[in-house]
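**Student:** I would like the atomic coordinates for the input below:
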Amino acid sequence: MQSLWNDQEAATFGTDPLGQRVYTSRLLGRNPALVLHGGGNTSVKVEEKDFYGEPVSLCYVKGSGWDLATIEREGFAPVRMSALLKMAELPTMSDPDMVLQQRAAMTNPNAPAASIEAILHAILPFKFVDHSHANAIAALTGSKDGEKRVKEVFGKRVLVVPYVMPGFILAKTVCELIKGRDLRAEGIEGMVLLKHGLFTFADDARKSYELHIEMVTQAEEWLAKKVSGKQVQELAQAAEDLKGLAKMRQAVSRLRGYPQLARLNASPEAVGYTLNKDVAAYGTKGPLTPDHSIRTKRAPVFIGDDMDAALKSYAEAYTAYFKRNAKDHTMLDPAPRFAIWAGRGIVSFGDTVKDAGIVHDIATHTAATVQLGEVAGGWEPLPEKDIFEIEYWELEQAKLRKGPARKVHQGKVALVTGCAAGIGFACAESLAEQGAVVVGLDLNPEIADIMAKIGGLGKVVNLTDDAAVRDAVEDTVRRFGGLDIVVSNAGIFTAGQYLEDLEQGNWDKALAVNLTSAQKLMRETIPYLKLGVDSSFIFVGSRNVKAPGPGAASYSCSKAALTQLCRVASLELAPNKVRVNIIHPDAVFDTKLWTPEALQRSAERYGMTVEEYKTKNLMKVEIKSKDIGNMVSAMASPLFLKVTGAQIPVDGGNDRVI
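**Tutor:** Numbering: from 1, shown residues only. Prediction:
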């Protein structure tokens, strides 16, 4: 492990202590082998003047919710040292009281809540304090002889602290350990919390940071010698099973109580890990550090030949684990947060792409470190009782509750065709606004950039190409774990011609794009919709189905046949609880097809102004693309959970249709 300190870069953060604290905190955060997604904490002690000009000693400590990799000055909470030191002298203190008193001692009430380790940072008699959950420290201490190992590696340079609950209990333990001692005189430069992490400290930002790098490197070198000549990490190629992935996601979503995205790591390293001998035992013993349990639970599920049995057993085991350790707690859902899937890889679950990504990162680092720990002498994490205390710790649970309320389609995967503009884009946008991950397919080469605007994924696909459609569907499942919503919107309106003059190419193209491409899409998506969560297939039809006009045979007939396809599909898929419905828009003019000139010409044909023409329905309202998008989103939601085979007009009322 190398120091990332750069004098020029450091200067851009300022020469004041807080500026240097921000810089070295980011250096720690840049390395995922040290901290992951909000893990670790740092602090700096300063002398300032308060609002009234009075001198005050403060401990600027990382604020809750901030990530070391991106932290700013505003991410540090300024807490009065006098209050923190008084708290350290108390015989006992509840977690809510600790949080409240730390908040009351802040000189800036708008700053984030101080880290739960603020008291610990305050009692360490050094200006800068750095704390991480380094992988190497986890591998070093994650064994029965962890304390012996630490002393062998670091000698008397560090304090060795047995595992205790983070927060006040840990601060009190360290307070008693260092009482009456001169750590500088003893040459103490750090502290190893067994099965938890590493602290380093100094009166200089760079020194404290580089001590951290040096000590983690020492642990890495010791471990390398310990496993010298032994195979630590196996590599293997995955046997892909996309339907199995979708099935797993569906089952986990049911255990969780709502849809989950699934991220598959099928790298050679991940697959090799899943095939290691005894990985089902040592890979499910516990997390690298107790902090991870809030994201990953105590352990992942191991899935071998029988997926259903493995997930059922996991849920039963989690329930038993809860009953063994619970007092007045309410049990969380029994769903795993990641799976070790033999021969396939590691699968991480989450409400959002970000959440699944966090679990993925933790699971990836866990796999690498657990293998190292096992080969280095046996992986032995904390007992379940200690993990339970963290998993159900009120202060940790509060972190998860800070997020926004769940959206209607959160955790769902949607596929929308023809969504570079107009109705298709509006459908994709409405689904994304309600929480779905949306993949958009279109011929437009700019579709990737267009979908990125709504946080979606765009793919250039010719929907009449069987292989291209299959690849797009499989890639969607590979990326997100399954498929729940399909919106078949892609279509064309061929030039108007009466039947006696109708060019065959006109007719053939309309059927190929408006009908056959939808049939191809159904063929490829149905197997995954059957394995989705409250799945829904929605066609975008046309008012012409119920009220055709002369000169539009190609368009009207293709949309009528599409409606019949919807009806047949609803009959076939109802036993699988897959809903199939169609929406019939009319007079949607805010699309690229309708230029101002085209609108003007059409309005003049009817002897109307443009505004009259745009509202020539019974309700005298303008129908916009967003209206169609919102209706499609609603049709895919629980509001329509028991509706299939329906034809729903969105036209403001058309007398011919009615």
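
**Student:** make it CA atoms for all contacts and neighbour counts henceforth
**Tutor:** Noted.

**Student:** quick one: low-confidence parts of this structure?
**Tutor:** By pLDDT under 70, the low-scoring segments of the chain are 396-403.

**Student:** Can you pull the phi/psi pair for the residue of the chain positioned farthest from its centre?
**Tutor:** Distance from the C-alpha centroid of the chain, by CA atoms, centre = their mean, peaks at residue 500 (57.1 Å). Here is the backbone geometry of residue 500 (degrees, to the nearest 10): phi -70, psi -20.

**Student:** how about it, what does it touch?
**Tutor:** Counting by CA atoms under 8 Å, 6 or more residues apart in numbering, residue 500 touches no other residue.

**Student:** measure it to residue 550 for me?
**Tutor:** According to CA to CA, to the nearest Å, residue 500 stands 12 Å off from residue 550.

**Student:** swap in residue 296?
**Tutor:** From residue 296 across to residue 550, the span is 62 Å (CA to CA).

**Student:** okay, the two: which has more neighbours?
**Tutor:** Counted by other CA atoms under 10 Å, residue 296 and residue 550 do not tie: residue 296 has more neighbours, with 24 against 10.

**Student:** Can you verify residue 424 is assigned to a helix?
**Tutor:** Yes: checked against DSSP: H, G, I helix; E, B strand; the rest coil, residue 424 lies within a helix.

**Student:** give me the number of residues near it?
**Tutor:** Residue 424 has 27 neighbours, counted by other CA under 10 Å.

**Student:** same question, residue 319
**Tutor:** 15.

**Student:** just checking, it is part of a helix?
**Tutor:** Yes: remark: residue 319 belongs to a helix, assigned using three-state DSSP.

**Student:** how about the strands in the stretch 151-300 of the chain?
**Tutor:** For the stretch 151-300 of the chain, the strands defined by DSSP state E, counting those that start in this stretch cover 158-161, 190-193, 197-202, 261-265.

**Student:** which of those is buried the deepest?
**Tutor:** Mean neighbour count (mean count of other CA atoms under 10 Å) peaks for strand 261-265 among the strands of the stretch 151-300 of the chain, with a mean of 28.

**Student:** That strand pairs with which strands?
**Tutor:** When sheet partners are counted by DSSP bridges, strand 261-265 sits next to strand 345-350 (antiparallel).

**Student:** what's in contact with the strand it pairs with?
**Tutor:** The contact list for strand 345-350 (CA under 8 Å, 6+ apart) reads 238, 249, 260-267, 270-274, 336-341, 355-357, 359-360, 363-364, 411.

**Student:** Buried subset of those residues as a PyMOL selection?
**Tutor:** Buried residues among the contacts of strand 345-350 (16 or more other CA atoms under 10 Å), as a PyMOL selection:
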select buried, resi 238+249+260+261+262+263+264+265+266+267+270+271+272+273+274+336+337+338+339+340+341+356+357+359+360+363+364+411
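
**Student:** ok, back up a step: nearest to residue 33, out of the strands of the stretch 151-300 of the chain?
**Tutor:** Proximity to residue 33, assessed across those by CA to CA, is greatest for strand 197-202 (11.8 Å).

**Student:** what sits up against the closest one?
**Tutor:** Residues from elsewhere that reach strand 197-202, judged by CA under 8 Å, 6+ apart: 126-134, 137-138, 189-193, 208-209, 211-212, 289.

**Student:** how about the CA coordinates for it, as PDB?
**Tutor:** Included here for strand 197-202 are C-alpha records, laid out as PDB according to Å, rounded to 0.1, in the frame of the first residue of the first chain:
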ATOM      1  CA  GLY A 197     -10.300  -1.700  12.500                       C
ATOM      2  CA  LEU A 198      -7.200   0.500  12.900                       C
ATOM      3  CA  PHE A 199      -6.600   3.900  14.400                       C
ATOM      4  CA  THR A 200      -3.500   6.000  13.900                       C
ATOM      5  CA  PHE A 201      -2.800   9.400  15.400                       C
ATOM      6  CA  ALA A 202      -0.300  12.200  15.200                       C
END
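
**Student:** Tell me the strands beside it, with direction?
**Tutor:** strand 128-132 (antiparallel), strand 190-193 (antiparallel).

**Student:** what's the span of stretch 377-395, first residue to last?
**Tutor:** 34 Å.

**Student:** how distant is that stretch from the center of its chain?
**Tutor:** On the basis of CA atoms, centre = their mean, to the nearest Å, stretch 377-395 sits 23 Å off its chain's mean C-alpha point.

**Student:** Please apply the same query to stretch 530-547.
**Tutor:** Taking CA atoms, centre = their mean, one finds stretch 530-547 lying 29 Å from the centre of the chain it belongs to.

**Student:** and what of stretch 410-424?
**Tutor:** Put simply, stretch 410-424 sits 20 Å off its chain's centre (CA atoms, centre = their mean).

**Student:** Just list the residues touching residue 573, thanks.
**Tutor:** Contacts of residue 573 (CA under 8 Å, 6+ apart): 579-580.

**Student:** again, only this time at 7 Å
**Tutor:** Counting by CA atoms under 7 Å, 6 or more residues apart in numbering, residue 573 makes contact with nothing.

**Student:** what's it sitting at in phi/psi?
**Tutor:** Per degrees, to the nearest 10, the backbone of residue 573 is at phi -100, psi -10.

**Student:** what's the domain layout of the protein?
**Tutor:** Annotated domains of the chain cover 7-226, 242-399, 413-588+623-650 [automatic domain parsing].

**Student:** Indicate which one of these is closest to residue 601.
**Tutor:** Judging those by CA to CA, what sits closest to residue 601 is domain 413-588+623-650, at 14.5 Å.

**Student:** CA atoms only for the helix or strand hosting residue 611, dumped as CSV, please.
**Tutor:** Residue 611 belongs to helix 610-614 when assigned by DSSP states H and E. Taking C-alpha atoms only, helix 610-614 is exported to CSV below (Å, rounded to 0.1, in the frame of the first residue of the first chain):
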residue,chain,number,x,y,z
VAL,A,610,-54.2,25.1,-34.0
GLU,A,611,-55.4,25.3,-30.4
GLU,A,612,-59.0,24.2,-31.3
TYR,A,613,-57.5,21.3,-33.3
LYS,A,614,-55.3,20.2,-30.4
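
**Student:** next structured bit after that helix?
**Tutor:** Assignment by DSSP H and E places the next element after helix 610-614 at helix 625-635.

**Student:** Outside of that next one itself, list whatever touches it.
**Tutor:** Outside helix 625-635, the residues that touch it by CA under 7 Å, 6+ apart are 422-423, 426-427, 430-431, 588, 590, 650.
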